[in-house]
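Asks: this is a predicted model, with the sequence first.
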Number of protein chains: 4
Amino acid sequence: MCRWLAYSGSPIRLEELLYRPRFSLIDQSLHSRMGVETTNGDGYGVGWYPVDGSPEPALIRGVGPAWNDANLREIARSISSPLFLAHIRASTGTPVQQTNCHPFRYANWLWVHNGSIREFARLKRDLVMAVDPKLYSSMAGSTDSEVMFYLALTYGLRDRPVAAVERMAGLVESTAREHGVPDPLQMTVATTDGDRTWCFRYSSERRSRTLFYSTAISALRTLYPDQKMLHGLSEETRLIVSEPLGELEGAWQPVPESSYGVIQKGDDELGSFEPSMP
Amino acid sequence: MCRWLAYSGSPIRLEELLYRPRFSLIDQSLHSRMGVETTNGDGYGVGWYPVDGSPEPALIRGVGPAWNDANLREIARSISSPLFLAHIRASTGTPVQQTNCHPFRYANWLWVHNGSIREFARLKRDLVMAVDPKLYSSMAGSTDSEVMFYLALTYGLRDRPVAAVERMAGLVESTAREHGVPDPLQMTVATTDGDRTWCFRYSSERRSRTLFYSTAISALRTLYPDQKMLHGLSEETRLIVSEPLGELEGAWQPVPESSYGVIQKGDDELGSFEPSMP
Amino acid sequence: MCRWLAYSGSPIRLEELLYRPRFSLIDQSLHSRMGVETTNGDGYGVGWYPVDGSPEPALIRGVGPAWNDANLREIARSISSPLFLAHIRASTGTPVQQTNCHPFRYANWLWVHNGSIREFARLKRDLVMAVDPKLYSSMAGSTDSEVMFYLALTYGLRDRPVAAVERMAGLVESTAREHGVPDPLQMTVATTDGDRTWCFRYSSERRSRTLFYSTAISALRTLYPDQKMLHGLSEETRLIVSEPLGELEGAWQPVPESSYGVIQKGDDELGSFEPSMP
Amino acid sequence: MCRWLAYSGSPIRLEELLYRPRFSLIDQSLHSRMGVETTNGDGYGVGWYPVDGSPEPALIRGVGPAWNDANLREIARSISSPLFLAHIRASTGTPVQQTNCHPFRYANWLWVHNGSIREFARLKRDLVMAVDPKLYSSMAGSTDSEVMFYLALTYGLRDRPVAAVERMAGLVESTAREHGVPDPLQMTVATTDGDRTWCFRYSSERRSRTLFYSTAISALRTLYPDQKMLHGLSEETRLIVSEPLGELEGAWQPVPESSYGVIQKGDDELGSFEPSMP
């Protein structure tokens, strides 16, 4: 059911997180330890913001497995970025195609999702019709994940992201109720505008897929004074991951059920997440 | 802007039409002579009905160019069929992906299209909303061609195909009028239920893409008594093509503007096509 | 490290073995239970002999994972064959590309392999130079598996298959000795000329990858009188598999270490396999 | 038969040459004006040296047509480089696969080629055997282009590039003579070590594929004082192309038959090219 990671902080090469760690994202494409599916070979994607601060992120997505993709390796080695989202896909039913790979991009926003909407085929028409008509033609694929993104955009993601995602969740749950579908929503989500990054962990059944964020760099340096890699990273550096990338004790904190987080300059935020009626 | 062919008659190997002729469909993928685009390398597809008469057609579609696809060649050499549609794609804007390749299939129906709906992105939401909600989730791609198919299904393709396609065209034209889009529809279409095959040639501007049907086999045998290939074919054998597959004089008749044809046992039909209000 | 199956007997649809069984080959592409690698997502291939008895097999190969390939599913549903080899790949180092997928085909012969040649990159030049110059340009890929096939062809596969494969194994082991590479060869192999099928299980270290053949149909019918599927199959029907396709007790016998088998009309053969000096 | 370009000079975004010009390389993939084949849809590749001066180039290659590749567009928009080679492929017989796409890379060297070796299948074994055994296992594909590169490496490309390529050409011609193949070699080649770039234009029949180099920037600025793009480019900036990227009069000079050029800091070189016996 997918794995993803979000990085924000000092510019680093993508390969540092995609390939280097013991349980890197690429490793997880072959042998995820915590996912519903161990294999995530139905595509991948990386969206990154340029080092020079331009607002629009670049995005590459592939339909093959991440683990044997030579181009992805080359790009990961070549690109440095201060903020990027990466995702590996295990399809929950929709076709394997580039337009169904995450991240999804709209203007300067990116979105990744792990989870699904139960019985999405039955609910899809109602959900899609709730998307702002002006945004409708920007949807290119057929996934629940993309529809969730466009509903969030419809409900004000660009102004008040948490409220927008809560309203999206509320719409999904009320639409599901109308169709008699129980516990419809399962999600861990990361979304970013290139400046701040929001993450969400929520499921209608209150047993959500795993999500972790990294301990503050200063704390990690105290724990691991010999870890050279930590020295080059700024205090702002943060990761959010579906499952930990390594075995460094104390490096990862679980994001609680029904909550959201905001990575930003200065203090980060953590709060409770509750679907609301749109 | 695509090329397609429809075959109905004695079972033949797919390669007889996909590869063998002087200007075979595969040849047209590289060097079409009559198409708006000379190269049709944005995917291909073949849907065929089994020799044993089972109702449901098989369907393979690929995103790469047809001319260098080794698997397509093998399949074309291996499969015999009494009725098949094949298509090579030149995208008019929507992504290159398997779900955007023709033929499209619904139950025992297949559909291919050459042409486009002008400013489809603006009209798409209204058109998609007009598709029967029960059919909505069966749409897998993002092309105008697929939406046209599902509108035709919505308007009774399975009962009265010509009327259904006329109503689909009528809806496209009236929707375009509402949005101020002139001459929206450009189409040659073939659709079949595995028994009869309908073809359509129409455009709002009354200058449609080319479409030809093959002369009756008996007439061809009289013209070309030495052509061995003709001897093995039944009287019922017919082809409909975007552009002729060969240079046999008199073998191809143009389908008139604003008309439809029906290939069936016994006499075929030819009639005029006029969009109607749905 | 790959999984494969070989079928010989009454014509059946490919999907009966590729998709239907509890642990079908497609299922093994995602979750192999006995392989060195659990995921075999680096490509797949099927080679089949036509029902009409034509000598040359058809061959389709894809670079993506088998489990999400829509075309493979369609083909498996459409094609019936009395003799076919299918393979799913987990690369042991060489690139993922169509020409590196099995089966390999030469004239009317097919070849699949699970295993590897240790330090193949060091031994490759010597091994390739031993291939008959007249066969050299027919090698299209870069795998050890393909080189093994062409060495076997060089040493008389078309006349005395067992001896040819023994000589190939002998060359691999002696070449490895020259380069100081221990225990070079790991192999289960199936090869067929469309009439008889040979299988081999051997490794230099005498701990070979798993290989099973199916119990005689008559014995299975006695064990399972209610299994309808067995009634339609002839006495000649046999499968050889890397790992069992189902849980039917007594349906699968392990092929012993260092041995070969021959599936043919009448009695099958089983014998010991010993590399010989070419 | 392929198109390629080589750029050396001020760092620019890859898209400036791959997409922007009137007859950009991507445009040439669909509608080449001067190539033997008008369509070059059998793959593409770009190798670029990083702005920071690291010696090893990055390399991405794809098997699909360049014109519809979304990832290539994203990468071209994201990457700046002072030196890069790009290539679009029209296969002359060998399979379409990533390992057969140019540029080829060895250590810090890149190589692109337009042309072919006549009857390569017959000559291949002799040519490959002449490659340095220590380099043999680095060859990953099956093209004549790659073999030419490795022969050049064998004959001292890293020390005396022109002499090495002359010896490679000499070997190809003498091997062809032995096999009775006339006029075997057709080539325009660019190769670079990340510092200097060599180009070659030669054919056994002395009628070579087209090749052009760009006029000096100072001369162009005099000719076109209003062309803003020229102002940002250093004097060292040079392009070598299979066919001109635009219609700027006087911007392109043909590389003469049987000659080589060297782009380097300070004065460039131009000299005559003559195959020699290795």
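Replies: Received the coordinates, thanks.

Asks: count the neighbours of the closest residue to chain D within the stretch 151-278 of chain A for me.
Replies: Residue of the stretch 151-278 of chain A nearest chain D, by CB to the nearest CB: A:Gly194 (14.1 Å). In this view, the C-beta of every residue, glycine as well, is placed from N, C-alpha and C. Using other CB atoms under 10 Å in any protein chain shown, A:Gly194 has 21 other residues around it.

Asks: quick one: residues contacting it.
Replies: Neighbouring residues of A:Gly194 by CB atoms under 8 Å, 6 or more residues apart in numbering or on different chains: A:49, A:55-57, A:83, A:108-109.

Asks: chain B contacts on chain A?
Replies: A:95, A:97-99, A:121-122, A:124-125, A:129, A:133, A:136-137, A:140-142 (CB under 8 Å from any CB of the partner chain).

Asks: one step back: pLDDT at the residue of the stretch 151-278 of chain A closest to chain D, what is it?
Replies: pLDDT for A:Gly194: 97.

Asks: over to the one 10 residues further on?
Replies: At A:Ser204, the predicted lDDT confidence score is 98.

Asks: ok, the one 5 residues further on next?
Replies: Here, the pLDDT recorded for A:Arg209 equals 95.

Asks: check A:Ile217 too.
Replies: 83.

Asks: what's the answer for the one 5 residues further on, then?
Replies: Among the per-residue scores, A:Thr222 holds a pLDDT of 81.

Asks: what secondary structure does it sit in?
Replies: Assigned by DSSP: H, G, I helix; E, B strand; the rest coil, the conformation of A:Thr222 is helix.

Asks: now A:Ala86
Replies: strand.

Asks: which residues touch it?
Replies: A:Ala86 neighbours (CB under 8 Å, 6+ apart): A:4-5, A:14, A:17-18, A:25, A:44-47, A:103, A:112.

Asks: same thing with A:Thr237?
Replies: Contacts of A:Thr237 (CB under 8 Å, 6+ apart): A:7-10, A:214, A:217.

Asks: chain neighbours aside, what residue packs nearest to it?
Replies: Computed as CB to CB, 6 or more residues apart in numbering or on different chains, the closest residue to A:Thr237 that is not its neighbour in sequence is A:Gly9, at 2.8 Å.

Asks: circling back to that earlier point, please report how far the residue of the stretch 151-278 of chain A closest to chain D lies from A:Ser81.
Replies: From A:Gly194 over to A:Ser81 the distance is 10 Å, taken as CB to CB, to the nearest Å.

Asks: so what sits against both of these two?
Replies: With CB under 8 Å, 6+ apart, A:Gly194 and A:Ser81 have common neighbours A:Tyr49.

Asks: and the lengthiest strand in chain A, what's buried?
Replies: Ranked by residue count under DSSP state E, the longest strand found in chain A is strand A:3-13. By neighbour count on 16 or more other CB atoms under 10 Å in any protein chain shown, the buried set for strand A:3-13 is A:3-9, A:11-12.

Asks: that strand pairs with which strands, and in what direction?
Replies: strand A:80-88 (antiparallel), strand A:238-241 (antiparallel) (DSSP bridges).

Asks: from these, which stretch is densest packed?
Replies: When you average the neighbours per residue for each of those (mean count of other CB atoms under 10 Å in any protein chain shown), strand A:80-88 leads with a mean of 25.

Asks: quick one: mean pLDDT over that one.
Replies: In the prediction, strand A:80-88 has an average pLDDT of 96.

Asks: chain center to the helix or strand following it: distance?
Replies: Using DSSP states H and E, the helix or strand that directly follows strand A:80-88 along the chain is strand A:104-106. Its chain's C-alpha centre and that of strand A:104-106 lie 12 Å apart, by CA atoms, centre = their mean, to the nearest Å.

Asks: could you give the angle of the helix or strand hosting A:Leu127 to helix B:120-129?
Replies: A:Leu127 is part of helix A:120-129, with elements assigned from DSSP H and E. Orientation of helix A:120-129 against helix B:120-129 (axes from the mean of the first three to the mean of the last three CA atoms, to 10 degrees) gives an angle of 120 degrees.
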